[in-house]
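# Here's a sequence, model it:
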Amino acid sequence: MALLLKVPSIVCTGCGDTITKAIQTVESDASIKVDIAAKTVTVEAKASDESIKQAVVATGHTIQGE
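The predicted model follows:
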């Protein structure tokens, strides 16, 4: 099942690249879609939701609703 994260701090493709790389350190084959306009990150991965969220927060971004 896909994990949908609202990340209001995404403002550019650089932000999306940073988040993508961070998630890939948790799981290299994760399917990651960053929507800059909607400020969302959709992740399909075997890793736990919590470990993916921690990777995003570690980049300095915030997850809305957390």
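# For the helix of greatest length in the chain, buried residues please.
Ordering each helix of the chain by length in residues (DSSP state H) puts helix 13-26 first. For helix 13-26, a neighbour-count test (16 or more other C-beta atoms under 10 Å) marks Cys15, Gly16, Thr18, Ile19, Thr20, Ala22, Ile23, Val26 as buried. Quick note: C-beta positions are derived from backbone N, CA and C, even for glycine.
# Tell me if I'm right that the third one and Thr59 touch.
Yes: between Thr18 and Thr59 there is a contact at 5.0 Å, judged by C-beta atoms under 8 Å.
# contact partners of stretch 33-50?
Here stretch 33-50 makes contact (C-beta atoms under 8 Å, 6 or more residues apart in numbering) with 1-13, 15-16, 19-20, 23, 26-27, 29-32, 52, 56.
# Val57 belongs to a helix?
Yes: counting by DSSP: H, G, I helix; E, B strand; the rest coil, one finds Val57 located in a helix.
# what about the residue nearest to Val57 when sequence neighbours are not counted, how many residues close to it?
Among residues not flanking Val57 along the chain, Ile63 sits closest, at 6.5 Å (C-beta to C-beta, 6 or more residues apart in numbering). Number of residues near Ile63 (other C-beta atoms under 10 Å) recorded here: 16.
# wait, what's in contact with Ile63?
Per C-beta under 8 Å, 6+ apart, neighbours of Ile63: Leu5, Lys6, Val7, Lys53, Val56, Val57.
# Kindly report the same for Lys53.
Remark: with contacts taken as C-beta under 8 Å, 6+ apart, Lys53 is in contact with Leu5, Ile63, Glu66.
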